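K.L.:
Coordinates for the following, if possible.
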Amino acid sequence: MKKATFLIAGIVVATGLFAQNTPGNDENIVIQCSQFGISKPLSELFEAEPYDDNLQPYEKKESGDRAHRTPQTFLFSAEKDGPAYGNDPSTIQDKMGTKMPVTVLQNWAGQNGGGYPPDPSGAVGLNHYVQAVNATPFKVFNKTNGAQLGTIKNIGTLWSPATGNMGDPIILYDKYADRWFVSQFGQASGTNMIYIAISTTPDPTGTYYTYSFTHTQFPDYLKFSIWQDGYYMTSNMGTDRVFCFERAKMLVGDATARAVSSTFTTGAVSGFFCPLPADADGSLPPAGTPCPFFWYTENAWGGGNVDGVKYINATVNWGTTATLTMSATTTIPTAAFDGTYNASWNDIPQPGTTALLDGIGGVPTYRAQYRRWTGYNTVVLNWGVLISNSPRQRAIKWVELRQTGTGPWTLYQEGIYNPDSKSRWVGSIAMDDNGSIALCYARAASTTATGDVGYASLGFTGRLATDPLGQMTFGETMVITGTAAQTSNNRFGDYSQTSLDPDGLTFWHTGEYLATSPRTRIYSFRLPLPTGIEESENQVNNVTAFQNLGAIVVNAKNLNVEGELVVDLFDVTGKQIDGKQMVVNGGTLETSFSTSNLAAGTYLVRVGKMNTAFQKVVKVMVK
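P.N.:
Numbers count the residues shown, from 1 in each chain. Down below sits the predicted model:
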């Protein structure tokens, strides 16, 4: 039986509309979709172009995107200018977590791609896992057993005529619409392109709506997120610019879907730069909620920068003339960290060679996961920091930010994960429905001391919401061990991706490791729920918690700490329900949580000081 072929091509000339807005928002450009279509079913393309990159000779081709990546300029360093430009020792976790390492659930080979680096991106849905790599094989797996349901050699095959395949793919599962999002950048006859495909049904092996957008600057290292009013995008462009694509229209195959972009002001940042848009997990933010974009700021840049996180809020209006309004930039100071990196991107030692790998400096690594909780919101971020120049070592700085209501974002906890002498980098961080955090990464070392292989490998750690702040409390789990060094060039990554299963508990990660050539892996795991608390029923030392009518009252006396503490309320599974920050005066603290929305049962109250080992957890019964 002859299969039907679907194609709609609506060519619209891209236009730019310019408008002056707020001080942080210099220029708006509205971009019409320049080409729209509906692809053939992937199942048909699988049969027409069967492809297995494991059977293909590996093309030792390096991506040309370095032409767009000038290294940042660092005016100061810890070595020359003192510890203010280094890492605050109090935030460095220099010992492995003591909780039993977590068991891997699924673990199978990903795609290898066609060059350096593979840029692995993947997402998980109800029944599938979808992965893409440079440049740009696209594969669909059964998530239950890793069975391959089909592969197309290039994402561009979805378009008709097929587009070029320059790379930097991003795969997302839009669980709020039960649809798949696929993207890559490109150039067509000298025009810079952003290609986006949205599945027409929940089935990733079916047909896709295909959209093409143009821009005057090349969208290197593009990163996407899902938000209630659009698909937001950042990239490493010559001009700092944010994009929002018209999600509502793209989901239904509307050829008039638009994109709107705006410039914004970053401060004194030079060279390679790409903020991360907040990517919604859990529940979508309410209509009208601005989408925040985050990047780190480094005092070694000079120009008045301090070590911390900067963010800016973007608000879109899809009126007759679409606008994207940017707020003023806000800085959240953190403890000192060293975000410097080698100007030639040589940062990660390997065994048996002087060749180093790219440590992916200068940017927070994908994603900036956003979650909504009762009374507050969270974002988790991570990026690479320099531990030592001799011997060369890098580690991962991570932070959890919180926002009460629609107020400003503030720092809740931070840490630098550096439990031994190995380098860990190209991390990806996410939080599950219990408030537990997983951190996935690549790991390498210059030696194979004590029998531990130092070749680039994949591993992860994590923490429970009830654990001491700033600590990854689980022992490291190694998922796949590397077997070779890479000496032909230093490209690695450029990114990895951790996504959260729709079940809200299972983490899925895809990243690169090294064998005879670059390889990628796909794996999943869960962080276990707390099994109990080794404390008295309602009192521990000098902290008490009890129910009084419609409230849980928390009292603390004779505390041996001062300053700001966090007081959090969890249910018995460890899921965070509420939290607040309090100032201790004279060693005492008193606060309360409403019980009006709490079911009868056991709850946990934690009193702790950020970035220290001080923590008290007590049980309380609600009747």
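
K.L.:
in the chain, which ranges drop under the pLDDT threshold?
P.N.:
Across the chain, residues meeting the criterion (pLDDT under 70) sit at 1-26, 50, 52-60, 268, 449-452, 530-541, 573-574, 610-615.

K.L.:
Report the separation between the residue nearest to the spatial centre of the chain and Trp345.
P.N.:
Centroid-nearest residue in the chain, with Cα atoms, centre = their mean: Arg367, separated by 1.4 Å. Distance of Arg367 to Trp345, given as Cβ to Cβ, to the nearest Å: 22 Å. Every residue, glycine included, has its C-beta placed from N, CA and C.

K.L.:
Then Tyr455?
P.N.:
Distance of Tyr455 to Trp345, given as Cβ to Cβ: 19 Å.

K.L.:
Now Asn346. Nearest residue, chain neighbours left out?
P.N.:
Nearest residue to Asn346, sequence neighbours excluded (Cβ to Cβ, 6 or more residues apart in numbering): Leu356, at 3.9 Å.

K.L.:
Which elements pack onto the helix or strand in which the one you found is found?
P.N.:
Using DSSP states H and E, Leu356 falls within strand 353-357. If you count contacts as 3 or more Cβ pairs under 8 Å, 6 or more residues apart in numbering; DSSP states H and E, strand 353-357 packs onto strand 348-350.

K.L.:
List the strands paired with the strand it packs on, with their directions.
P.N.:
For strand 348-350, the paired strands and their directions (DSSP bridges) are strand 353-357 (antiparallel).

K.L.:
helix or strand right after the strand it pairs with?
P.N.:
Assigned by DSSP H and E, the successor of strand 353-357 is strand 368-373.

K.L.:
Can you tell me the strand partners of that next one and which way each runs?
P.N.:
Assessed with DSSP bridges, strand 368-373 is paired to strand 276-280 (parallel), strand 376-389 (antiparallel).

K.L.:
C-terminal to the longest one, what's the next element?
P.N.:
Using DSSP H and E, the helix or strand that directly follows strand 376-389 along the chain is strand 392-404.

K.L.:
got the domain boundaries for this protein?
P.N.:
Taking automatic domain parsing as the domain assignment, the ranges for the chain are 28-40+62-526, 539-622.

K.L.:
so how far is the first one off the chain centroid?
P.N.:
Yep, that's domain 28-40+62-526 we're talking about. 4 Å (Cα atoms, centre = their mean, to the nearest Å).

K.L.:
Tell me where the stretch 101-250 of the chain has helices.
P.N.:
Taking DSSP state H, counting those that start in this stretch, the helices of the stretch 101-250 of the chain run over residues 247-251.

K.L.:
picking that back up, which of the domains of the chain sits most buried?
P.N.:
Comparing those by mean neighbour count (mean count of other Cβ atoms under 10 Å), domain 28-40+62-526 ranks first with a mean of 20.

K.L.:
ends of that domain, how far apart?
P.N.:
Start-to-end span of domain 28-40+62-526 (Cα to Cα, to the nearest Å) is 43 Å.

K.L.:
cool, stretch 354-369 as well?
P.N.:
Start-to-end, stretch 354-369 (Cα to Cα) is 36 Å.

K.L.:
end-to-end on stretch 170-183?
P.N.:
Stretch 170-183: ends 5 Å apart by Cα to Cα.

K.L.:
which residues touch Phe492?
P.N.:
Taking Cβ atoms under 8 Å, 6 or more residues apart in numbering, we find Phe492 in contact with 116-117, 348, 357-358, 360, 426, 442, 456, 486, 512, 514, 518.

K.L.:
err, Met96, not the other one
P.N.:
Met96 neighbours (Cβ under 8 Å, 6+ apart): Pro419, Asp420, Gly475, Glu476.
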